[in-house]
Every structure is written in structure tokens, then in C-alpha cells.
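A.B. asks: sequence first, then the predicted structure:
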Amino acid sequence: SDHKLDYPISPEEMDWSKLYPTDENEDKQVTIADIGCGYGGLLVALAEHFPERRILGMEIRVQVTEYVEERIRALRESHKDDAKFNNCAVIRANSMKFLPNFFRRGQLDKMFFCFPDPHFKQRKHKARIITNTLLSEYAYVLKEGGILYTITDVFDLHEWMKKHLDEHPMFERLSPEQEQSDVCVDIMTNATEEGKKVSRNNGSKYIACYTRLPNPEV
Ligand code: SAM
């Protein structure tokens, strides 16, 4: 449960140097987050595609987090020559609770929600990772013009995520052209373990991406 989870009191208290040890730029911030990263396929693919960015996976299951830690350690070890994969890391965290403890306002410019747990039963819907309240937190940590990516093989969950995002004042859906031409859509469709499983089973993948709107003028 949560009392066993480590999380900083505020973003200022977070020691990132343990996670990104050999990255030469100490002040560099995480700008891409993979929420519920599972076994880390997307994390690793994004790290290769965006060598200049810091990418963080957040995962609630202990053993899965440890697996990803080990995966990154091995990749760094085998890439000592070109120093690849120093720009990705994973932490065990409940992203539904402590995001503003880790990230400052407007810090992120991409957030991924790939194949989130569907919580099929009606009474479990409040446990879904896209809800009105949580979207306000995601809007807080995302910068203006940042993008929130969702993909799922569960049509009902896709409709749910779209409904909540459409209704939220801080988000606007990308046009079909924008979605199709975004390289991250291609990466998230093919790189995650869950996405690969869906492909093997010839399942459908439903995608919806939203931009974080500017703050209203007051
Ligand atoms: N995104 C990965 C993929 O596409 O392969 C994993 C998908 S898996 C179906 C959903 C993951 O979200 C699980 O690994 C689960 O442990 C994690 N998860 C669920 N709730 C979470 C939370 N509140 N915070 C962080 N991770 C969570």
C-alpha cells in the first residue's frame, strides 16, 4: 500500500541523480513520462528516439519496476561505448496520487497512457487512470502545448478516456492528421509489451491524443 511508497515532499526534494547517474547535465529535467510503464518497452524505444530528453517510467508493481530497472541497467552496460540509455529511468510510484510531488507545474511535454488497466466493472470505473480530477493534475504537470497520449485495445475504455478528455477544459484532441504524423503515436503503437501482445492476437488499437491548452487569462 501507499505507506510503503517512496515519494518526495515536493519536486525540489527529488534526487534525480540516482536515476540518471551519468547524464552530464545535472539540471536537466524529465520532460517525458510513461504512466504505468509495465515492462518498459516504450521507455526504451523513446530513450533511443529522444537521446537529448529525460524519460521516466512510473510503475506501481514492485517486481515489474525491478524488472525494468534491471533491463535499463543491462542496456547501459552493453552501451558503455555510446552511453545510450542513460536518459531513461523507472520509479515505483502510484501515479494516481503523487504526480505533483515529482513534477513541477508545466514540467512535462509528453505523457503516455498505454494500455491502462481497463477496470471493466461499473463500480471500478473510479479506479481508472483517466478521470476528471486526475486530468486536472495531468494538466498541471503538462506544459502548454504538451501532449497526452492514450492507446488501448478496449473500446469501452477508449470511449471513456475520450469522453473525459473532451469534457475537460484544459485539453483538446489532436486532428487525425496530427495524430497520424506524430512519430510518438507510431512508437507507442508498436513498442509496448501490451501493444505487441494485442498485435499478436490481431486485436484493435484505439488511439486518442490531446494537447494541453493554454491557461485561461484571468
Ligand atoms: N503501458 C504498459 C504496456 O503498454 O505494455 C503496461 C500496460 S499494463 C496493462 C498497465 C500497467 O499500469 C501495469 O503494469 C500496472 O501495474 C500499472 N499501473 C496501474 N495503476 C497504476 C498506478 N496508479 N500508478 C502506476 N502504475 C500503475
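C.D. replies: Received it, and whenever you're ready, just let me know what you need.
A.B. asks: how about the secondary structure of the most centrally placed residue in the chain?
C.D. replies: Relative to the mean C-alpha position of the chain, the nearest C-alpha, by Cα atoms, centre = their mean, is the one of Asp34, at 2.0 Å. For Asp34, the assignment made with DSSP: H, G, I helix; E, B strand; the rest coil gives strand.
A.B. asks: any idea which helix or strand comes after the helix or strand containing Gln63?
C.D. replies: Using DSSP states H and E, Gln63 maps to helix 62-78. Downstream of helix 62-78, the next assigned helix or strand under DSSP H and E is strand 88-92.
A.B. asks: against which helices or strands is that following strand packed?
C.D. replies: Contacting strand 88-92 under the criterion 3 or more Cβ pairs under 8 Å, 6 or more residues apart in numbering; DSSP states H and E are the following elements: helix 41-49, strand 54-59, helix 62-78. Any C-beta I mention is one placed from the backbone N, CA and C, and that applies to glycine too.
A.B. asks: just name the most buried of those.
C.D. replies: Of all the helices and strands packed on strand 88-92, strand 54-59 has the most neighbours on average by mean count of other Cβ atoms under 10 Å, namely a mean of 25.
A.B. asks: and that one, average pLDDT?
C.D. replies: Averaging pLDDT along strand 54-59 gives 97.
A.B. asks: ok, the closest residue to Pro51 other than its chain neighbours - how many residues close by?
C.D. replies: Once flanking residues are discounted, Pro51 sits nearest to Asn87: 6.2 Å by Cβ to Cβ, 6 or more residues apart in numbering. Counted by other Cβ atoms under 10 Å, the residues lying close to Asn87 total 22.
A.B. asks: many thanks, we can stop here.
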